[in-house]
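Asker: Predicted model follows, preceded by the sequence.
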Protein chains: 2
Amino acid sequence: MTDMTSTADAPRSPGRPRSIRADEAIIEATLDLLAEGSTIEALSIEAIAARAGVGKATIYRRWAGKDALLLDALRRLKGVMAQPAGHSVRDDLVLLVGAIGKNVDPRAAKIMPCLAPAVNRSADQFQLYQNIISPRRQLMREVLRRGIDEGVLRADIDVEVTMALLTGPMLIQRVLQWNPDLDEQSLPDRVVDAVLEGIRAR
Amino acid sequence: MTDMTSTADAPRSPGRPRSIRADEAIIEATLDLLAEGSTIEALSIEAIAARAGVGKATIYRRWAGKDALLLDALRRLKGVMAQPAGHSVRDDLVLLVGAIGKNVDPRAAKIMPCLAPAVNRSADQFQLYQNIISPRRQLMREVLRRGIDEGVLRADIDVEVTMALLTGPMLIQRVLQWNPDLDEQSLPDRVVDAVLEGIRAR
DNA sequence: GCGTTACGAGTCTGACCCGTATCGTATTGC
DNA sequence: GCAATACGATACGGGTCAGACTCGTAACGC
């Protein structure tokens, strides 16, 4: 990956140290512009510099280019994962499903759709994407395993497919607005219950 | 919407008629470039013209701009819908789920992720997107209703959520490669069966 | 104070692109 | 043959941007 802002790993500095405020302002400006509707490639270093109140050189001094900057900015965005309480398997699943595409940072929801093209075109960005979501998948996997151990879920279920079943509907709704008539707020509950019960007559 | 190629609706032509081959070449070049990895906004009229072996004026004579051209090109892409056989509800669902994101045109799979950002930023493109997928949703809805009528599916299921349950996993896998370890080929069967059975112990 | 490095702001070159216009040529109806 | 419209190619002015560079200034260790 690219080097982070060298502010951190500087052992000693002969001259003026780099401004932490500039680092922050650049990252924030990047995320703001993305959240306001700019697409990734419409985003220009010049616009970021102007928004951050920073010279272009200050950006190039820290990052090799737009891609490296974006990588760091998106890393900042991912926020913390939801933590299941561990009481009820159903409630934990509802919590995890509800957290999909809903980061601590409200800008995340606006930015996520922009990443879809990038994920399929750059191996780096695909890796970044997987690094973000794979721990979340793991979290859901553990809840499902717990459910099996506790006997709440059947032992013969396909755990990996079940995770896709829980995640997919929420993701396509939040990212793609797949079905405009589907109420997003109640969706986690409804998805979890539907997956739990199945639809076959019995 | 924008006017289609005026080749069709010309009642009589005083001069030389427009070349149908040029129409075709322009559309094909557009889809090719998108499928090769160009994002929507990185796509330039100049590149399309060069690829199509056509002058820029020939494009501007037909479309007002990139957006209008894209609208027509994507309309061409959507292809025909899968047609369920009507024998077994399960098999019909597997067919419909397997058809998600898998158009007749092999370029479709590459192009689809590019549309995610556009869908959320332009009302026009959102409408185009909905125009393409809503008849497919309707098709799935009818299969589910048929299953209820036939008594294969329970009468109290949430049809809209069930559609999201069937579509979501396939879509995030095909468009986002959500879980690299998930086998895409067997996914339709596994998703449909998981949705049919549910996961709760009983 | 001095060397060093960072700062914001700005300049400059070279791409690339848009959308229009203008070439000479080709294809139609009359 | 002739007007009309199309064609591919190319040139144009206007615009944005990347990156490297230059200012005068500011913040650090020594």
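Answerer: Okay, I see it. Numbering: from 1, shown residues only, chains lettered A, B, ... in the order given.
Asker: Go through stretch A:168-180 and flag the buried ones.
Answerer: Buried residues in stretch A:168-180, counting neighbours by 16 or more other C-beta atoms under 10 Å in any protein chain shown, are found at A:Gly168, A:Pro169, A:Met170, A:Leu171, A:Ile172, A:Gln173, A:Arg174, A:Val175, A:Leu176, A:Gln177, A:Trp178, A:Asn179. Using the backbone N, CA and C atoms, a C-beta is placed for each residue, glycine as well.
Asker: among those residues, which are in reach of chain B?
Answerer: Subset of the buried residues of stretch A:168-180 in contact with chain B: A:Gly168, A:Pro169, A:Met170, A:Leu171, A:Ile172, A:Gln173, A:Val175, A:Leu176, A:Gln177, A:Trp178, A:Asn179, counting by C-beta under 8 Å from any C-beta of the partner chain.
Asker: now the most centrally placed residue in chain A: how far from DNA strand D?
Answerer: Taking C-alpha atoms, centre = their mean, the centroid of chain A lies closest to A:Lys78, which sits 4.6 Å from it. Going from A:Lys78 to DNA strand D by C-beta to the nearest atom of the strand, to the nearest Å gives 24 Å.
Asker: show me what contacts that residue?
Answerer: Going by C-beta atoms under 8 Å, 6 or more residues apart in numbering or on different chains, A:Lys78 touches A:Asn103, A:Ala108, A:Ile132.
Asker: Measure how buried the residue nearest to the first one when sequence neighbours are not counted is and give me the count.
Answerer: Spatially, and ignoring its direct neighbours in sequence, A:Asn103 is nearest to A:Gly79 (4.3 Å; C-beta to C-beta, 6 or more residues apart in numbering or on different chains). The burial metric for A:Gly79, expressed as a neighbour count using other C-beta atoms under 10 Å in any protein chain shown, is 13.
Asker: A:Gly79 belongs to a helix?
Answerer: No. Counting by DSSP: H, G, I helix; E, B strand; the rest coil, A:Gly79 falls outside a helix, being coil.
Asker: isn't it right next to A:Asp105, touching?
Answerer: Yes. Using C-beta atoms under 8 Å, A:Gly79 makes contact with A:Asp105 at a distance of 5.6 Å.
Asker: Wait, A:Leu31 touches A:Asn103, no?
Answerer: No. Using C-beta under 8 Å, A:Leu31 is not in contact with A:Asn103, being 11.1 Å away.
Asker: does any bit of the helix or strand harbouring A:Asn131 sit next to chain B?
Answerer: Taking DSSP states H and E as the criterion, A:Asn131 maps to helix A:123-150. Yes. Using C-beta under 8 Å from any C-beta, helix A:123-150 reaches chain B at A:Phe126, A:Tyr129, A:Gln130, A:Ile133, A:Arg137, A:Leu144, A:Gly147.
Asker: Can you pull the phi/psi pair for A:Val104?
Answerer: The phi/psi pair for A:Val104 (degrees, to the nearest 10) reads phi -60, psi -40.
Asker: Please find the angle between the direction vectors of the helix or strand of chain A with the lowest mean pLDDT and helix A:123-150.
Answerer: Least confident helix or strand, chain A: helix A:107-121 with a mean of 85, by mean pLDDT, DSSP states H and E. Calculated by axes from the mean of the first three to the mean of the last three C-alpha atoms, to 10 degrees, helix A:107-121 forms an angle of 110 degrees with helix A:123-150.
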